[in-house]
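Participant: Coordinates for the following, if possible.
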Amino acid sequence: MSLFDLSGRIACVTGASSGIGKALAAAFADAGALVVGVARRAPALAEWVEEVEARGGMVAGIQADVADLHTVDEIAGRVAVPFGSPDILINAAGVNLREAAADVSPDSWRATLDINLTAPFFLARALAPAMRERGWGKIINIASLQSERAFPNSIAYGASKGGVAQLTRAMAEEWSRHGIGCNAIAPGFFPTELTAPVFGNDEAVARNAAQTCIGRNGVLDDLIGPAIFLASTASDYVTGQVLYVDGGFTAK
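Facilitator: Residues are numbered from 1 along each chain as shown. The predicted structure follows:
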């Protein structure tokens, strides 16, 4: 097996019906992994399954809401049915309600933290025992520029993503001695449903691109290599890290 080979690995990707989750779930299947995609929207999830199977990927879709914390153990059990318990977990489901601080309600605060921060912990905890038994596993969380920077109208989102960075380090401290690598990818500005308000503003798009060292915003393919690295044996001595895939935005 080569360092970056995912053949035969079993991966679970949340948020697989759109955006980063969909792109990575498809890329992992293309790389030979058996992929279980989890998402709330059944029609979009079924479309993803059909697309990937049409080009020979082995995938399954599980319709579920990972933010419903009372069902996380049930979801973990369902995820293990198609191919077995996952070797790899990518926590890509997320939400950004883009509310000013004065508009954040207890419900919207809780909803943001539940899906962005709390669900990744409880799903990882449910799947970690099987990884520990094998002596190998990979957990990849999706952090954000807002794990480090503060942006307007994102106080709940920023708090949740700051938490993801620390959660990733805490996961590594807890599980890496058992062979489970725990890392996070922090994307820069990428066109997804979550960032549609930003990419709908040409001035903001140009401004964000100019703030990178590379001089452009990201495209989803830019995330595939880093994700495969963190999901493969190539990263077996890398854990507790947040990898910023942002074209150098945070370097300036």
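Participant: Now do the buried residues in stretch 35-55.
Facilitator: 35, 36, 37, 38, 39, 40, 44, 45, 48, 49, 52 (16 or more other C-beta atoms under 10 Å). Every C-beta, even on glycine, is put in place using the N, C-alpha and C of the backbone.
Participant: hmm, which two among those residues are most spread apart?
Facilitator: Farthest pair in the buried residues of stretch 35-55 (C-beta to C-beta) is 40 and 52. Separation: 18.6 Å.
Participant: tell me the contacts of the residue most central in space within the chain?
Facilitator: Nearest to the geometric centre of the chain sits residue 92, at 2.5 Å (C-alpha atoms, centre = their mean). Taking C-beta atoms under 8 Å, 6 or more residues apart in numbering as the contact definition, residue 92 lies against 13, 14, 15, 16, 19, 20, 21, 24, 142.
Participant: Quick one: neighbours of residue 57, just the number.
Facilitator: A count of neighbours around residue 57, defined by other C-beta atoms under 10 Å, yields 20.
Participant: Revised request: answer the last question for residue 90.
Facilitator: Residue 90 has 30 nearby residues by other C-beta under 10 Å.
Participant: Please tell me how far it sits from residue 231.
Facilitator: 8 Å (C-beta to C-beta, to the nearest Å).
Participant: Ok, residue 31 next?
Facilitator: Separation of residue 31 from residue 231 (C-beta to C-beta): 9 Å.
Participant: Determine the longest strand present in this protein.
Facilitator: The single longest strand within the chain, with elements called by DSSP state E, is strand 180-187.
Participant: chain center to the following helix or strand past it: distance?
Facilitator: Toward the C-terminus, strand 180-187 is succeeded by helix 196-199 as the next helix or strand (DSSP states H and E). In terms of C-alpha atoms, centre = their mean, to the nearest Å, the centre of helix 196-199 is set 19 Å apart from its chain centre.
Participant: Alright, that wraps it up for me.
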